[in-house]
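In: just coords:
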């Protein structure tokens with residue numbers, strides 16, 4: 001069995017992850033975009049790598065996103081460590097989806113910031129079902145009064 005080098009194994013892990021893996025440099029330029037990211041967001045690696053994260057961030061969220069991103073890069077840590085957050089994202093076709101994102105700031109051996117790492121999964125079906133359930137529950141509670 002050919003086990004490969006550590007570098008090759010790391011690349012295989014990223015590529016074969018069931019979740020989208022996105023790595024950006026300190027400026028928010030996409031440097032790694034795996035096959036699952038292609039599936040979730042609809043952008044090919046060719047189109048995504050070298051592009052700004054703006055390709056997947058809804059325009060109305062961009063100001064807040066970049067403020068948080070810049071703060072996390074400066075602080076060398078995100079306030080969302082250990083959390084996954086639901087949010088809206090934009091697909092290549094312009095449609096909006098809901099994704100669950102987790103974030104971390106990647107540091108080099110000396111503690112310098114290399115960039116930001118995100119994992120994402122499409123939760124649109126679950127999110128919309130949960131929203132319908134909450135609305136229905138609210139209606140039932142109001143009708144019971």
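Out: Now that the structure is in, tell me what you want to look at. All figures in this text were calculated on a predicted structure; none of them were measured in a lab.
In: C-alpha from now on. contacts and neighbour counts both.
Out: Will do.
In: so who does the closest residue in space to residue 91 that isn't next to it in sequence touch?
Out: Distance criterion CA to CA, 6 or more residues apart in numbering; nearest residue to residue 91, sequence neighbours excluded, is residue 41 at 4.5 Å. Residue 41 sits next to 56, 90-92 when contact means CA atoms under 8 Å, 6 or more residues apart in numbering.
In: and the gap between residue 41 and residue 72?
Out: As judged by CA to CA, to the nearest Å, residue 41 and residue 72 stand 24 Å apart.
In: could you give the mean pLDDT of the strand ranked longest in the chain?
Out: What stands out as the longest strand in the chain, according to DSSP state E, is strand 96-107. The average pLDDT for strand 96-107 rounds to 96.
In: name the strands paired with it and say parallel or antiparallel.
Out: Here strand 96-107 has these sheet partners by DSSP bridges: strand 85-90 (antiparallel), strand 113-122 (antiparallel).
In: okay if I get those strands as CSV plus mean pLDDT and mean neighbour count?
Out: As requested, the strands paired with strand 96-107 are exported to CSV (pLDDT from 0 to 100; neighbours: other CA atoms under 10 Å):
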stretch, mean pLDDT, mean neighbour count
strand 85-90, 96, 18
strand 113-122, 97, 20
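In: which of those sits closest to residue 99?
Out: Residue 99 lies closest to strand 113-122 among the strands paired with strand 96-107, at 4.5 Å (CA to CA).
In: residues in contact with that closest one?
Out: So strand 113-122 is contacted by 19-28, 37, 40, 73, 76, 97-108 (CA under 8 Å, 6+ apart).
In: next structured bit after that strand?
Out: Note on strand 113-122: by DSSP states H and E, the next helix or strand toward the C-terminus is helix 124-143.
In: now do that following helix: which elements does it pack against?
Out: Judged by 3 or more CA pairs under 8 Å, 6 or more residues apart in numbering; DSSP states H and E, the packing partners of helix 124-143 are strand 96-107.
In: let me know the angle separating the strand it packs on from helix 124-143.
Out: Interaxial angle, strand 96-107 versus helix 124-143 (axes from the mean of the first three to the mean of the last three CA atoms, to 10 degrees): 120 degrees.
In: understood, closing this out.
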